[in-house]
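S.K.: build me a model from this:
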Amino acid sequence: MSGVDFVFNISVGRVAEKIQDAAANVGVIVLRTTALESDGTLGGAAGLRDRVSLADILSVSSEPTNTNYARKTGITGTPTISNANDRVDVSIPNQTWTGVLAGDVWAKLIVYYEESASDANRIPLTAHTFDVTPNGADITAQFAAAGFFRAASTT
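M.R.: Below you'll find the predicted structure:
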């Protein structure tokens, strides 16, 4: 998995803040390629980046229906502040889906923050390209080594 494709507009400037309290309130969902909304363009055409909740995302895109796919919930995020590098890196543990059977092809991972237990109150933080064709093997999203988000000072 590569770095962040984009930060959702609702979360710009807030990703590290949302993770700061170290509570188990981070989750990960996958979006399938079928009916996947385009990312949209920065400052231009509307798209996925403009969605404000998981309910909003799922009104135009959908999760996979593969056997053994499920959302990852109750994840604790960790912000690491580096004064030497003038930045903060945010990480979560790697996430593994075990024995995911063939079916839907996967396209995106969405990391979200759970304000409360409904999709309308789950705030999307970051989107990541995750091109995977399940075939019965385990699938792992690697977040731990490089983290899933970095914010840096530019001045």
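S.K.: who touches stretch 107-119?
M.R.: 1, 5, 11, 18-19, 25-33, 36, 48, 53-55, 57-58, 61, 73, 92, 121-131, 141, 143, 148-149 (Cβ atoms under 8 Å, 6 or more residues apart in numbering). Placement of C-beta: from N, CA and C, glycine included.
S.K.: where does this protein dip in pLDDT?
M.R.: 1-3, 21-22, 145-146, 155 (pLDDT under 70).
S.K.: I'd like the next helix or strand past the biggest strand by length in the chain.
M.R.: As assigned by DSSP state E, the longest strand anywhere in the chain is strand 122-132. As assigned by DSSP states H and E, the chain's next helix or strand after strand 122-132 is strand 139-141.
S.K.: now find how far off-centre that following strand is within its chain.
M.R.: 13 Å (Cα atoms, centre = their mean, to the nearest Å).
S.K.: and what of stretch 148-155?
M.R.: Using Cα atoms, centre = their mean, the offset of stretch 148-155 from its chain centre is 17 Å.
S.K.: count of neighbours near the residue lying closest to Thr140 once chain neighbours are set aside?
M.R.: Leaving out its chain neighbours, the residue that sits closest to Thr140 by Cβ to Cβ, 6 or more residues apart in numbering is Thr96, at 4.5 Å. When counting by other Cβ atoms under 10 Å, one arrives at 12 neighbours for Thr96.
S.K.: likewise the one 10 residues further on?
M.R.: The tally of other residues near Trp106 (other Cβ under 10 Å) stands at 25.
S.K.: now do Asp5
M.R.: Neighbours of Asp5 (other Cβ under 10 Å): 15.
S.K.: now do the one 10 residues further on
M.R.: A count of neighbours around Val15, defined by other Cβ under 10 Å, yields 25.
S.K.: one more: Ser91?
M.R.: Using other Cβ under 10 Å: Ser91 sits among 18 other residues.
S.K.: now do the contacts for it.
M.R.: Gly77, Thr78, Thr80, Phe143, Ala144, Ala146, Gly147, Phe148.
S.K.: just give the closest residue to it, not the sequence neighbours.
M.R.: Nearest to Ser91 is Gly147, by Cβ to Cβ, 6+ apart, at 3.8 Å.
S.K.: that neighbour: what secondary structure?
M.R.: State at Gly147, reduced to three classes by DSSP: H, G, I helix; E, B strand; the rest coil: coil.
S.K.: run a quick check on it versus Asp89, I expect a contact.
M.R.: Yes: between Gly147 and Asp89 there is a contact under Cβ atoms under 8 Å: 4.3 Å.
S.K.: all set now, cheers.
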